[in-house]
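Undergrad: kindly return the folded structure for what I paste below:
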Amino acid sequence: MVKVALKLEQKLKLSQMQRLTIQMMSLRGQDLQDFLHEQVTENPLLDIRYPDVRPSGSGQEKPIDNIRSHGESVEEALMKQLRVQMQPKAILMAAGLVIQSLDEKGFFKGELSEAGSEYGLGSEDMEQGLRLVQTFDPPGIGARTIQEALLIQTRRRSDAPAGAAILLQEHYEDFLHGRWQRVQTEMNLTAAELQHICRFLKKLSLQPAPQAAADCAYVRADVEIYRDDMGQLTVRSLEELPEVFFREDLYANYNKEGDIGTRRFIRRSKRQFLDLRTALAFRWQSIFTVMKYIILWQQDYFRDGRELRPLTQQAIADGTGLSTATVSRVCRDRYAMFDRHIYAVQTFLAHGYRRDAGSDGSISDKAIMKQMTAFIQHEDIQHPWSDQQITEHLRQRGIHIARRTVTKFRLKMNIPNSSMRKRMKSW
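TA: The predicted model follows:
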């Protein structure tokens, strides 16, 4: 027997206008231009025009952004070096197999016999191929362990101190665990000589591959924060978007001479244009509103270089009347130019923590991390600050945060713990 029942539930249903606004808010730069081109292609009553790239009366062309190609990958760089080697064919083939077997850090982790068996290459050929790859740049590429990578780099360096290679070969475990006294005694080194070797080894790379040229991501600012003629901070758009306009002449012609179906189509096309224009206006108005609020709230930072005040996306939403989702879309993956530098908009936001002093009784996380960095830079080498001691020191200054928060900030700044700092600074 079929059971019939009623079920009441709420569903969020977005209108066409809302969906268009959300989509356009998340687009920037070339992606937004491509989207506008798609709209013009789909709607025959829309057309597009680009702003003149030459300022009127100046006679000078507008500067064009530098277009740079991405750097070649590590494998491409190694294969390029392999092609100019004068070696037997079997060794060149073995070296090529080694290059293709390197992991993302530049190490060879496989078995030489297995890598060459499919192509009829013996262990000796593969070993010679591996040794050939280890002579390529960047130094240390093709190493099987970190120890071997450091040893290859040391042998390639003309400024390597005497005893550095022997230390890596015969006393690597003692070096790794900081047993300096044993190393100094067994190698018959003075304290100054051992310190010189350790300082040299610190400069070597633990991962050979990152030394090679890597692909760079270039960003372009969406807005610029600048001072107007009155010296007031304001914001302007740096986006060069084409103008999308409606063909009123075609609309009037088809509306006059077309049939019912044609008139219905052109009216729908005009509504789509109005929605597109409204979404574009809302997009820029939202960006402008959020950036003006950030400038107003952080004006001490922009004017005098002071610490950032606590500011969250929720606070911006409350202060501007925009939704939190809209503020999030404005801040995400958007960049601002200020004083000839480009910053992510998220850089100007900061979480707040309670403090006793201050106008608003709070301090930003970035200001706390700045103070932590100052503490650590001036700490006693033999007695570095622990996370608990940093917590107590901040508490004495009226900043109330937990020890786990101090640890989180320290890790975020890539600062090692106190025992590691003591070991590193000692040598």
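Undergrad: quick one, strands of the protein?
TA: Ranges of strands in the chain, per DSSP state E, are 46-49, 223-227, 233-237, 243-246, 335-338, 341-344, 352-354, 362-364.
Undergrad: hmm, E392 and A402 touching each other?
TA: No. Counting by C-beta atoms under 8 Å, A402 stays clear of E392, with 11.7 Å between them. Backbone N, C-alpha and C define where each C-beta goes, glycine included.
Undergrad: pLDDT below threshold where in the protein?
TA: 1-2, 11-14, 51-72, 210-217, 357-360, 424-427 (pLDDT under 70).
Undergrad: report the longest helix in it, please.
TA: helix 260-297 (DSSP state H).
Undergrad: burial measure for L151, as a count.
TA: By the criterion of other C-beta atoms under 10 Å, L151 has 21 neighbours.
Undergrad: identify the residues contacting it.
TA: Residues counted as contacts of L151 (C-beta atoms under 8 Å, 6 or more residues apart in numbering) are A143, A165, L168, Q169.
Undergrad: mind putting those residues in CSV, neighbour count and distance to Y301 included?
TA: Output for the contacts of L151, formatted as CSV (neighbours: other C-beta atoms under 10 Å; distance: C-beta to C-beta, whole Å):
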residue, neighbour count, distance to Y301
A143, 23, 46
A165, 16, 50
L168, 23, 47
Q169, 12, 53
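Undergrad: between these, which sits nearest Y119?
TA: A143 (22.8 Å; C-beta to C-beta).
Undergrad: next, the angle from the longest helix of the chain to strand 233-237.
TA: Per axes from the mean of the first three to the mean of the last three C-alpha atoms, to 10 degrees, the angle that helix 260-297 makes with strand 233-237 is 150 degrees.
Undergrad: for helix 260-297, packing partners?
TA: helix 16-25, strand 46-49, strand 223-227, strand 233-237, strand 243-246, helix 248-257, helix 313-320, helix 324-331 (3 or more C-beta pairs under 8 Å, 6 or more residues apart in numbering; DSSP states H and E).
Undergrad: swap the cut-off to 7 Å and go again
TA: helix 16-25, strand 223-227, strand 233-237, strand 243-246, helix 248-257, helix 313-320, helix 324-331 (3 or more C-beta pairs under 7 Å, 6 or more residues apart in numbering; DSSP states H and E).
Undergrad: show me how far it is from its chain's centre.
TA: 31 Å (C-alpha atoms, centre = their mean, to the nearest Å).
Undergrad: quick one: buried residues of it?
TA: Applying a neighbour-count criterion of 16 or more other C-beta atoms under 10 Å, one finds 266, 269-270, 272-273, 275-276, 279-280, 282-283, 286-291, 293-295, 297 buried in helix 260-297.
Undergrad: nearest residue to L394 other than its sequence neighbours?
TA: Leaving aside its chain neighbours, L394 sits nearest to I401 (6.4 Å; criterion: C-beta to C-beta, 6 or more residues apart in numbering).
Undergrad: could you double-check that the one you found lies in contact with R395?
TA: No. Using C-beta atoms under 7 Å, I401 makes no contact with R395, being 8.1 Å away.
Undergrad: so between the two, which is more surrounded?
TA: I401 (19 against 13).
Undergrad: check contacts around A209.
TA: The contact partners of A209, by C-beta atoms under 7 Å, 6 or more residues apart in numbering, come to V74, E104, K105, G106, I141.
Undergrad: now do E248
TA: Taking C-beta under 7 Å, 6+ apart as the definition, E248 has no contacts.
Undergrad: switch to 10 Å and redo it
TA: E248 makes contact with L45, K270, according to C-beta atoms under 10 Å, 6 or more residues apart in numbering.
Undergrad: now it: how far from S269?
TA: 12 Å (C-beta to C-beta, to the nearest Å).
Undergrad: now swap in Q184 and tell me
TA: 83 Å.
Undergrad: how close does the closest residue to G398 other than its chain neighbours get to D387?
TA: Spatial nearest neighbour of G398, chain neighbours left out: D356 (3.4 Å); criterion: C-beta to C-beta, 6+ apart. Separation of D356 from D387 (C-beta to C-beta) stands at 21 Å.
Undergrad: these two: which is more packed in?
TA: D387 (19 against 10).
Undergrad: now for the more buried one: which residues touch it?
TA: M372, A402, R403, R404, T405, V406, T407, K408, F409, R410, N417, S418.
Undergrad: what's the farthest-apart pair in the residues you listed?
TA: A402 and S418 (17.5 Å).
Undergrad: out of these two, which sits in the busier spot?
TA: S418 (19 against 11).
Undergrad: tell me how far the nearest residue to the more buried one once chain neighbours are set aside lies from T405.
TA: Distances taken as C-beta to C-beta, 6+ apart place P384 nearest to S418, at 4.3 Å, with adjacent residues excluded. Relative to T405, P384 is positioned 19 Å away (C-beta to C-beta).
Undergrad: same check, this time on K80
TA: From K80 to T405 the distance is 48 Å (C-beta to C-beta).
Undergrad: repeat for M230
TA: From M230 to T405 the distance is 41 Å (C-beta to C-beta).
Undergrad: in terms of neighbours, single out the busier of the two.
TA: Neighbours per residue (other C-beta under 10 Å) separate M230 from T405, with T405 holding more: 16 against 6.
Undergrad: quick one, what contacts that one?
TA: Counted by C-beta under 10 Å, 6+ apart, T405 has contacts Y353, D365, I368, D387, T391, L394.
Undergrad: I figured M25 hits D333, correct?
TA: No. If you go by C-beta atoms under 10 Å, M25 and D333 don't touch, sitting 11.3 Å apart.
Undergrad: okay, those two: which has more neighbours?
TA: A side-by-side neighbour count of M25 and D333, using other C-beta under 10 Å, places M25 first with 19 against 13.
Undergrad: contact partners for the more buried one?
TA: A279, F282, R283, S286, I287, A325, T326, S328, R329, V330, R332 are the contacts of M25 under C-beta under 10 Å, 6+ apart.
Undergrad: overlap in contacts, I401 and R395.
TA: With C-beta under 10 Å, 6+ apart as the test, I401 and R395 both reach R355.
Undergrad: and K109, how many neighbours does it have?
TA: K109 has 10 nearby residues by other C-beta under 10 Å.
Undergrad: report the contact partners of the nearest residue to it once chain neighbours are set aside.
TA: Spatial nearest neighbour of K109, chain neighbours left out: D103 (5.7 Å); criterion: C-beta to C-beta, 6+ apart. Contacts for D103 (C-beta under 10 Å, 6+ apart) come out as K109, G110, Q207, A209.
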